[in-house]
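*Asks:* got a sequence here, can you model it:
(one chain, ligands or ions: 1)
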Amino acid sequence: MKVQEKWLRAFEQTFRKCKVEPGEIVRILAETESRAINIELAELALARMGAIPVKIVVPSLPSNTPVPVRSTGASHVVQNMPPVLQALSGPGLVVDLTVEGLLHAPELPRILESGARVIMVSNEHPEILDRLTTDLDLTSKVKNGVRMLAKAQTMTVTSAAGTHLDITLSGARVGGVWGGADRPGLVQHWPGGLCLAFPKADAVNGTLVLDIGDVNLTFKRYLESQIVLHIENDYITRIEGKSLDAELMRSYMQAWEDRNAYAVSHVGWGMNPQARWDALQMFDKTETNGTEIRAFAGNFLYSTGANDMAGRHTLGHFDLPMRNCTIQLDGQAVVDNGQLCEVFG
Ligand SMILES: [Fe+2]
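*Replies:* Coordinates of the predicted model:
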């Protein structure tokens, strides 16, 4: 795959959102299995901006999990290696091109506390990154969404398909992604457009009905039949459905032999009007990490797996973006039947 001028421009635009300055030393973190074209694009775009790109490439890890891990945002490639951690610490931008991403990496808090800012480039074909890089600025809307999440005590999610979830938000860690890591201590990912909360323990109860066209992003697969998840005190206690979709879900979760794989990781909604629900259909599985589907405006994103706030750690992780849901915060709708409400300013 050859470098294209249009892709370079997209990388430059994102780095401008991250306030890269001429003369700034920018660290690019990659691994041996990283997408080579994106490393090259990052390096060239930074150089064109007058910055000094410095690459740190670590070995990808052997897989030692019972099932393949995909799209977790929790890379373990840094392995707490002191020289690597040292190189990633301190003020300045880190461009994260690891396969899984540093978003939930165990070392990230230390890296951010040291004054670095991190832009995680989702492991996508550059065409996807380019298509979702425009002048549209999601910053204030996403920040308003995060403020609303932070203030709310409860989130209620319903749908015509039969979803009814009650979520306690008090005590949750909330966050938002607008796509530019523009200050020290901040992590963002590209593409962006997401508000989310990691609830504390015993926060989620009810029924989640995954409908036709909802997505399992670990499998990068649109559901072709309904799956009913019964959730009690954060844990999926029953996965109802006779289809292949349901069977795959049961099988993957069982493979971890870890109860925490059944618990809630994060809940939230997509904010990016340019991200498309149907885009996954256009790419081979190796070409995408599915972040666009996490971010499409008006989805409800339910995720299972690790949740620091609840003291749960596991590599089993599902991101399940759903359409046509209504999301209320303390009774106020922020998403109505899959459409973002006009409440974000
Ligand atoms: Fe997730």
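*Asks:* domains of the chain?
*Replies:* Domain assignment of the chain by automatic domain parsing yields the ranges 5-131, 139-177+191-340.
*Asks:* centre of the chain versus the first one, how much separation?
*Replies:* In this view, domain 5-131 has its centroid 15 Å away from the chain centroid, taken as CA atoms, centre = their mean, to the nearest Å.
*Asks:* can you get me the start-to-end distance on that domain?
*Replies:* 14 Å (CA to CA, to the nearest Å).
*Asks:* check stretch 130-149 too.
*Replies:* So stretch 130-149: terminal residues 30 Å apart, CA to CA.
*Asks:* do stretch 107-125 as well
*Replies:* When the termini of stretch 107-125 are compared using CA to CA, they are 26 Å apart.
*Asks:* now do the buried residues in that stretch.
*Replies:* Neighbour-count burial for stretch 107-125, counted by 16 or more other CB atoms under 10 Å, picks out 107-108, 111-112, 116-125. Bear in mind the C-beta positions are built from the backbone N, C-alpha and C, glycine included.
*Asks:* keeping just the C-alphas, turn stretch 280-288 into PDB.
*Replies:* Output of stretch 280-288 as PDB, limited to C-alpha atoms (Å, rounded to 0.1, in the frame of the first residue of the first chain):
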ATOM      1  CA  LEU A 280     -18.300  -2.200   8.700                       C
ATOM      2  CA  GLN A 281     -19.900  -3.900   5.700                       C
ATOM      3  CA  MET A 282     -17.300  -2.300   3.400                       C
ATOM      4  CA  PHE A 283     -14.100  -3.600   4.800                       C
ATOM      5  CA  ASP A 284     -12.400  -6.800   5.400                       C
ATOM      6  CA  LYS A 285     -11.900  -7.700   9.100                       C
ATOM      7  CA  THR A 286      -8.200  -7.000   9.000                       C
ATOM      8  CA  GLU A 287      -8.800  -3.500   7.500                       C
ATOM      9  CA  THR A 288     -10.700  -2.200  10.500                       C
END
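*Asks:* just the buried positions in that stretch, please.
*Replies:* For stretch 280-288, the neighbour count (16+ other CB under 10 Å) marks 280, 283, 288 as buried.
*Asks:* ok, the second one - contacts?
*Replies:* Spelled out, that is Phe283. Shown in contact with Phe283 (CB atoms under 8 Å, 6 or more residues apart in numbering): 125, 128.
*Asks:* how close does it get to Thr291?
*Replies:* According to CB to CB, to the nearest Å, Phe283 stands 12 Å off from Thr291.
*Asks:* what of the first one?
*Replies:* The gap separating Leu280 from Thr291 is 11 Å, by CB to CB.
*Asks:* circling back: sort out for me which of the buried residues of stretch 107-125 are in strands.
*Replies:* 116-121 (DSSP state E).
*Asks:* just send those back as TSV, with pLDDT and distance to Glu43 too.
*Replies:* Formatted as TSV, these follow (pLDDT from 0 to 100; distance: CB to CB, whole Å):
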residue	pLDDT	distance to Glu43
Ala116	98	18
Arg117	98	18
Val118	98	17
Ile119	98	14
Met120	98	17
Val121	98	12
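*Asks:* closest residue of the stretch 1-150 of the chain to the ion?
*Replies:* Of all residues in the stretch 1-150 of the chain, the one sitting closest to the ion is Gly73 (5.8 Å; CB to the ion).
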